[in-house]
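>>> everything below, folded, please.
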Amino acid sequence: MRLAFILSELGSGLRRNLTMVISVILVTFVSLTFVGAAGLLQLQIGQLKGFWYDKVQVTIYLCTDVPSNTNCVSGPVTADQKNTIQGMLESAAVKPYVEKWSFETQAEALTHFKEQFASSPMVDSVEASNLPSSFRIKLTDPEKYQIINESFAATPGVDSVVDQRKVLEPLFWWMNVATFVAVGIAVLMIVCAALLIATTIRLSAQSRAKEIDIMRLVGASKTVIQLPFVLEGVIAATIGALFASGAVWLIVTFATSWIQENGSTGMPMISPAKSLVIYPILILLGIVLAGIASAVSLRKNLKV
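Have a look, this model is predicted:
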């Protein structure tokens with residue numbers, strides 16, 4: 001009986017306030033889409049950092065079958081040359097600047113390449129022989145990169161010495177700025193959504209003041225009276241959150257397709273599957289936002 005009454009009041013409220021409900025859906029959709037976009041940017045930054053960014057500061061790439069400088073004219077790096085390079089890393093002149101190092105074979109490089117570029121169509125066309133083996137080094141002081149470069153750049157068997165952080169830091173800086181902007185806009189939109197939900201619930205309650213008075217007289221509890229109004233906001237916000245989740249999925253899908261179609265396959269992109277973690281967060285955020293806004297509005301404006 002009580003459940004049937006609550007559902008009846010809920011349906012009546014949604015019909016009477018259809019325009020405001022649509023407004024709540026739209027503003028929740030827009031605000032949570034910005035939240036989702038900020039989440040996507042963070043996932044993308046994590047994807048770009050990938051396996052090596054957080055662990056390696058300098059990479060010494062070794063020669064392959066295709067020479068790219070005078071160090072490699074004699075062909076791929078030999079075992080003796082690898083041992084020489086390893087010995088230099090352990091030498092008294094270099095060791096104080098190296099916190100730790102590891103060696104990555106061509107097969108391991110292929111595995112990591114496939115992990116980082118899982119969404120790229122070029123993955124299946126790359127073989128281990130196409131990728132160089134390398135020494136991956138973490139420095140005690142990242143600013144001492146030049147010492148490592150001068151020590152190894154001209155060493156036989158070394159193709160190149162790359163400071164990976166210097167290459168990627170400007171990109172990550174701009175992406176972090178974009179994330180902060182998206183989060184700022186998202187917070188502003190969430191505040192707007194909360195205010196609109198609160199206003200909608202208050203007006204809905206005021207329009208049914210006589211019904212509420214009757215329910216008080218017959219002894220209805222606070223929960224029974226307030227629950228239909230809270231559910232109105234929650235349902236509208238949940239629909240908006242579902243639309244926002246769909247928008248985020250479309251962003252990921254079309255962005256990935258566009259990059260692949262335009263040949264920009266050198267940039268590892270997050271896949272639609274990896275973005276799945278964002279959708280339940282958006283839906284939960286929509287429900288919590290509507291529940292809190294509705295409850296606060298009713299407590300201040302609906303004295304039961």
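>>> phi first, then psi, for residue 153.
phi -60, psi -40 (degrees, to the nearest 10).
>>> repeat that for residue 76.
Torsion angles, degrees, to the nearest 10, at residue 76: phi -60, psi 160.
>>> just checking, it touches residue 65?
Yes - with contact defined as C-beta atoms under 8 Å, residue 76 reaches residue 65; the gap is 5.7 Å. No exception for glycine: its C-beta is placed from N, CA and C like everyone else's.
>>> neighbour count for those two, which is higher?
More crowded of residue 76 and residue 65, by other C-beta atoms under 10 Å: residue 76, with 18 against 10.
>>> show me what contacts residue 236?
21-22, 24-25, 28, 197, 200, 290 (C-beta atoms under 8 Å, 6 or more residues apart in numbering).
>>> now residue 91, what's its secondary structure?
Using DSSP: H, G, I helix; E, B strand; the rest coil, the structure places residue 91 in coil.
>>> number of residues surrounding residue 200?
Neighbour tally, residue 200, other C-beta under 10 Å: 25.
>>> do residue 138 as well
Per other C-beta under 10 Å, the neighbour tally for residue 138 reads 15.
>>> in a strand, that's where it is, yeah?
Yes - under three-state DSSP, residue 138 sits within a strand.
>>> so what's it closest to, chain neighbours aside?
residue 99 (4.7 Å; C-beta to C-beta, 6 or more residues apart in numbering).
>>> pretty sure that neighbour is touching residue 144, no?
No - applying C-beta under 8 Å as the test, residue 99 and residue 144 come out as separate, 10.7 Å apart.
>>> the two - which one has more neighbours?
residue 144 (15 against 11).
>>> correct me, but the more buried one touches residue 98?
No - using C-beta under 8 Å, residue 144 makes no contact with residue 98, being 9.3 Å away.
>>> mind listing the shared neighbours of those two?
Residues touching both residue 144 and residue 98 (C-beta under 8 Å, 6+ apart): none.
>>> same for the helix or strand encompassing residue 170, what does it pack against?
Assigned by DSSP states H and E, residue 170 belongs to helix 164-207. The contact analysis (3 or more C-beta pairs under 8 Å, 6 or more residues apart in numbering; DSSP states H and E) places helix 164-207 against helix 2-16, helix 18-49, helix 222-261, helix 278-301.
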